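1. give the three-dimensional model of this entry:
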Amino acid sequence: GVGEEQLRCFRECLQEAMHEHYKHHWFPLVPSKGSGYRCIRINHKMDPLIGKAAGMIGLSHERLFQLLPSELTLWVDPFEVSYRIGEDGSICVLYESPQPGEKVAKQLESRTSCKEEWRIGRSSPSKSYNMMTVSS
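-> Numbers count the residues shown, from 1 in each chain. Model (predicted):
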């Protein structure tokens, strides 16, 4: 539903919007400080940062709701990005890097996949989503 070029533009617009929005709310020495401010939320209404990036590439909120889950929480913190789909879903790590001074980073490959963790942690039946992915 979304072409490679449109997805690339979305990724760049979202990165730029997040960089500007988090400018004074990013604390690598205390990663949890400001985490509430950096939480991206779709809860039957679109998060403004995602909506702004999508608008810049011509995607409507209606189209976004077709591509993304209606309930999504994304926590963007220094050294870790996690998400949860649905209110009763498991929290999954999307990105993780070592903090300064840490000798060994946790290996995400050794973990159960986020999709499997999400299914294990759900109490309600699984729902299929058309997921738009953004990678760097």
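
2. what's next to stretch 41-56, contact-wise?
-> Outside of stretch 41-56, the residues within contact range by Cβ atoms under 8 Å, 6 or more residues apart in numbering are 9-10, 13-14, 17-18, 21, 40, 60-61, 63-65, 68-74. For every residue, glycine as well, the C-beta is placed using N, CA and C.

3. with only the CA atoms kept, save that stretch in CSV.
-> Below are the C-alpha coordinates for stretch 41-56, written out as CSV (Å, rounded to 0.1, in the frame of the first residue of the first chain):
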residue,chain,number,x,y,z
ARG,A,41,0.5,6.8,21.2
ILE,A,42,-2.2,5.7,18.8
ASN,A,43,-5.4,5.0,20.7
HIS,A,44,-8.1,5.3,18.1
LYS,A,45,-6.7,8.8,17.4
MET,A,46,-3.5,9.5,15.6
ASP,A,47,-0.4,10.7,17.5
PRO,A,48,0.5,14.2,16.3
LEU,A,49,4.1,13.3,15.3
ILE,A,50,3.1,10.3,13.2
GLY,A,51,0.2,12.4,11.7
LYS,A,52,2.6,15.2,10.8
ALA,A,53,5.1,12.9,9.1
ALA,A,54,2.3,11.2,7.2
GLY,A,55,0.8,14.5,6.1
MET,A,56,4.1,15.5,4.6
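
4. mind listing what's buried along it?
-> Ile42, Met46, Asp47, Leu49, Ile50, Gly51, Lys52, Ala53, Ala54 (16 or more other Cβ atoms under 10 Å).

5. neighbours of the spatially closest residue to Ser82 that is not a sequence neighbour, how many?
-> With Cβ to Cβ, 6 or more residues apart in numbering as the criterion, Ser82 has its nearest non-adjacent residue at 4.8 Å, and that residue is Trp75. By other Cβ atoms under 10 Å, the residues close to Trp75 number 19.

6. can I assume Trp75 sits in a strand?
-> Yes - checked against DSSP: H, G, I helix; E, B strand; the rest coil, Trp75 lies within a strand.

7. list only buried entries from the contacts of stretch 41-56.
-> Buried among the contacts of stretch 41-56 (16+ other Cβ under 10 Å): 9-10, 13-14, 17-18, 21, 40, 64, 68-69, 71-74.
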